[in-house]
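In: no sequence on this one, just coordinates:
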């Protein structure tokens, strides 16, 4: 039985993966470096080893604390290092910001659930440098923004829930303020926690969501450490790989609380670096010194004015969190603007012409691709000309590869129209179609013209290879539409189902693969029927097609019907491969452990071992299962596969 395509979508090229990484992280690096450099250890004032110090900062309505503050943060980032060891202007930033000011913290409201605070910088003095040069205009913008009150809401444990800035607040001023709020954040234990001496808390800083560990010693010292940052869950729609940055931090921070739970001092001096795949992309140094100058008694009139101002801010100002990254759309636009710079259509075409005469390394091709992608995004009117050039490009040439990747990755209506036109213009060129059709099917947010083009080729073209490629691409499109346009996705799935009813036997297999690429729960009834088909290749395709469907019924069919009930080892093999895409549920893991013990076919046992190895952290018995297979399995191939897995444990525990 032929094996279905191994992936539900055409895998993005290395250039598109790296670009997706930049879009998702480039604008976060400054926050990571400048935002998570404080709050490592807090030490409250102690009156002796038997004293009882507060576990967190306490807030009393009407209280006002005034601090002297000295803050400095220097940050350098260069995401071009991902592509090349040489210096690059791509996302290259260098700045130094310093702030000296008095800061008052006034508690406007406080109850059992929340505390509402207002932060005011009194006579802030700001100095800002970019690329080693003073930037007086930016300094003035930051200074003017910091002169406006900042309203903050904390939960009952002291966690910052939201911040509201003046509508005209400068973005750098907001970043500085959020960094300071994160530094001052001390999240206490749950009131009903078993231990009030040691606890964990989920909180945020400008770098992201994290788990922090707190511990109080007998002398009243509070230790705070960051255990880990929480990674966002990938969406079903995502076709890109998200890489986790490596962050290294040096230095320590020391704070002091008085007996009433007020923060009276905080001193921080830290350095931090970030790297991706052993490429350093950013580093920073932060220094912060805060000293409580005095406690004031605000007048009733002053409190009333501030409370009224907060009420007005609740109506007009957007609430932001300490971790408030730009939307993917805004991040993408910012990246494209940086990548394009002053380049024009004519200049990037000239660069491409020169590149076609040379043998380029991948990093150089990537840089060129980034410019074309940025051109398609920032100047969409250029897409039609790029599409015409794609039609004229030599099959398999550097020009064809870069233009197809750039138009696919840009993903706007104009780039999709240009790519669709190129597909229709190259239908007599099978090799070109094998490149262009998967690119059209891999766009992130398919437009109606893209769907119509693929439908026409999938069910109206006489060339079998074009039909097959278009159908698989159409399944990918249905999956991409699933979250944002479920009705459009359902129409595609229904059309494929109707075609299955009348298709010849030779075409049913590829239509089942198309449903698998769609990953739609609407396809489940059709796929369920084909899991009983007398033809093993159709049963295998139906089980493989369940891999993306978000339904417990899909898990049940794979584990109960396929692994246990199907007599054909090739069908069981497809089910095991599909399970690798499923959730790490106890039922799925347990079913595969049981199947491994009873499976007669070595190739299936090898796939089962691989699946279980991927989820070994979820079940401590898996390591012993693999060790047993390494020692006792009757198949040389299975023992060898188990040995390779155990060797990985030595190099990557």
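Out: Arrived safely, thanks for sending. It should be emphasised that the depicted structure is a prediction, and the values quoted were computed from it without experimental measurement.

In: which residues in the protein form strands?
Out: Counting by DSSP state E, one finds strands in the chain at the ranges 41-42, 64-78, 92-110, 114-130, 133-134, 150-155, 160-164, 198-205, 208-216, 222-229, 246-257, 263-276, 279-296, 319-320.

In: which stretch among those comes nearest residue 382?
Out: Of all the strands of the chain, it is strand 92-110 that lies closest to residue 382, at 25.1 Å by Cβ to Cβ. C-beta coordinates here come from the backbone N, C-alpha and C atoms, glycine included.

In: Spell out which strands sit alongside the closest one in the sheet and which way each one runs.
Out: strand 64-78 (antiparallel), strand 114-130 (antiparallel) (DSSP bridges).

In: closest one to residue 598 among these?
Out: From those, taking Cβ to Cβ, the stretch that ends up closest is strand 64-78, at 54.0 Å.

In: And the closest one, what's buried?
Out: Buried positions in strand 64-78, judged by neighbour count with 16 or more other Cβ atoms under 10 Å: 64-67, 69, 71-78.

In: Stretch 522-534 too?
Out: Quick answer for stretch 522-534 (16+ other Cβ under 10 Å): 522-524, 526-527, 530-531.

In: Any chance of TSV for these, columns distance to residue 357 and pLDDT?
Out: Listed next are those as TSV, based on distance: Cβ to Cβ, whole Å; pLDDT from 0 to 100:
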residue	distance to residue 357	pLDDT
522	51	95
523	48	96
524	53	96
526	52	96
527	51	97
530	52	97
531	55	96
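
In: Out of those residues, which is nearest to residue 431?
Out: residue 523 (31.1 Å).

In: wait, what's in contact with the closest residue to the closest one other than its chain neighbours?
Out: Excluding the flanking residues, the one nearest residue 523 by Cβ to Cβ, 6 or more residues apart in numbering is residue 515, at 4.4 Å. Contact partners of residue 515, counting by Cβ atoms under 8 Å, 6 or more residues apart in numbering, are 475, 493, 496-497, 500, 523, 526-527, 545.

In: and the closest residue to residue 608 other than its chain neighbours, what pLDDT?
Out: Closest residue to residue 608 apart from its sequence neighbours, by Cβ to Cβ, 6+ apart: residue 596 at 4.5 Å. Looking at residue 596, its pLDDT stands at 94.

In: Can you report how many residues lie near residue 596?
Out: By other Cβ atoms under 10 Å, the residues close to residue 596 number 24.

In: Then the one 10 residues further on?
Out: Counted with other Cβ under 10 Å, the neighbours of residue 606 add up to 23.

In: That one and residue 301: what is the separation?
Out: 78 Å (Cβ to Cβ, to the nearest Å).

In: go on, residue 523?
Out: Distance, residue 523 to residue 301, by Cβ to Cβ: 67 Å.

In: a markdown table please, covering the strands of the chain and showing mean pLDDT and distance to residue 312.
Out: Below are those laid out as a markdown table (pLDDT from 0 to 100; distance: least, Cβ to Cβ, whole Å):
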| stretch | mean pLDDT | distance to residue 312 |
| --- | --- | --- |
| strand 41-42 | 42 | 34 |
| strand 64-78 | 88 | 20 |
| strand 92-110 | 89 | 13 |
| strand 114-130 | 94 | 12 |
| strand 133-134 | 89 | 36 |
| strand 150-155 | 96 | 10 |
| strand 160-164 | 96 | 10 |
| strand 198-205 | 90 | 26 |
| strand 208-216 | 83 | 30 |
| strand 222-229 | 78 | 35 |
| strand 246-257 | 70 | 33 |
| strand 263-276 | 77 | 28 |
| strand 279-296 | 86 | 23 |
| strand 319-320 | 94 | 14 |
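
In: So what pairs up with the closest residue to residue 125 other than its chain neighbours in the strands?
Out: What sits nearest to residue 125 in space, not counting adjacent residues and going by Cβ to Cβ, 6+ apart, is residue 100, at 4.6 Å. Beta-bridge pairing for residue 100 (DSSP bridges): residue 70, residue 125.

In: is it true that residue 100 touches residue 70?
Out: Yes: with contact defined as Cβ atoms under 8 Å, residue 100 and residue 70 form a contacting pair (5.4 Å).

In: who touches residue 643 in this structure?
Out: Contacts of residue 643 by Cβ under 8 Å, 6+ apart are residue 630.

In: tally of neighbours for residue 516?
Out: Neighbour count for residue 516, taken as other Cβ under 10 Å: 27.

In: which residues sit in contact with the closest residue to it other than its chain neighbours?
Out: What sits nearest to residue 516 in space, not counting adjacent residues and going by Cβ to Cβ, 6+ apart, is residue 545, at 3.0 Å. By Cβ under 8 Å, 6+ apart, the contact list for residue 545 reads 4, 512-513, 515-516, 523, 527, 578.

In: mind checking pLDDT for residue 569?
Out: 94.

In: From residue 600, how far off is it?
Out: 8 Å.

In: Then residue 377?
Out: For residue 377 relative to residue 600 (Cβ to Cβ), the value is 54 Å.

In: okay, the two: which has more neighbours?
Out: Using other Cβ under 10 Å as the criterion, residue 377 and residue 600 rank with residue 377 on top: 23 against 9.

In: mind checking how far the spatially closest residue to the more buried one that is not a sequence neighbour is from residue 443?
Out: Spatially, and ignoring its direct neighbours in sequence, residue 377 is nearest to residue 336 (4.3 Å; Cβ to Cβ, 6+ apart). According to Cβ to Cβ, residue 336 and residue 443 sit 16 Å apart.

In: out of these two, which sits in the more crowded spot?
Out: Neighbour count, other Cβ under 10 Å: between residue 336 and residue 443, residue 443 has more, with 24 against 21.

In: For the closest residue to the more buried one other than its chain neighbours, which residues are in contact?
Out: The shortest distance from residue 443 to any non-neighbouring residue, by Cβ to Cβ, 6+ apart, is to residue 411 (5.0 Å). Shown in contact with residue 411 (Cβ under 8 Å, 6+ apart): 443-445.

In: still on that earlier bit, of the strands of the chain, flag the one that's most buried.
Out: strand 150-155 (a mean of 21; mean count of other Cβ atoms under 10 Å).

In: partner strands of that one, parallel or antiparallel?
Out: strand 114-130 (antiparallel), strand 160-164 (antiparallel).

In: what's the angle from it to strand 198-205?
Out: Counting by axes from the mean of the first three to the mean of the last three Cα atoms, to 10 degrees, strand 150-155 lies at 150 degrees to strand 198-205.

In: Out of the contacts of residue 545, list just those in helices.
Out: The members of the contacts of residue 545 that map onto helices under DSSP state H are 512-513, 515-516, 527, 578.

In: quick one: which of the residues you listed is nearest residue 356?
Out: Nearest to residue 356 among these, with distances taken as Cβ to Cβ, is residue 513, at 35.9 Å.

In: pretty sure the closest one contacts residue 541?
Out: Yes: using Cβ under 8 Å, residue 513 is in contact with residue 541, at 5.9 Å.

In: Of the two, which one has the most company?
Out: residue 541 (29 against 21).

In: Run through the residues that contact the more buried one.
Out: 4, 509, 512-513, 516, 530, 574.

In: From these, which shows the smallest pLDDT?
Out: Lowest pLDDT among the contacts of residue 541: residue 4, 42.

In: picking up where we left off before, mind putting the strands of the chain into a markdown table with distance to residue 176?
Out: Output for those, formatted as a markdown table (distance: least, Cβ to Cβ, whole Å):
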| stretch | distance to residue 176 |
| --- | --- |
| strand 41-42 | 21 |
| strand 64-78 | 7 |
| strand 92-110 | 6 |
| strand 114-130 | 9 |
| strand 133-134 | 17 |
| strand 150-155 | 11 |
| strand 160-164 | 12 |
| strand 198-205 | 13 |
| strand 208-216 | 18 |
| strand 222-229 | 21 |
| strand 246-257 | 17 |
| strand 263-276 | 14 |
| strand 279-296 | 11 |
| strand 319-320 | 14 |
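
In: and of these, who's closest to residue 564?
Out: Between the strands of the chain, strand 222-229 lies closest to residue 564; by Cβ to Cβ that is 37.9 Å.
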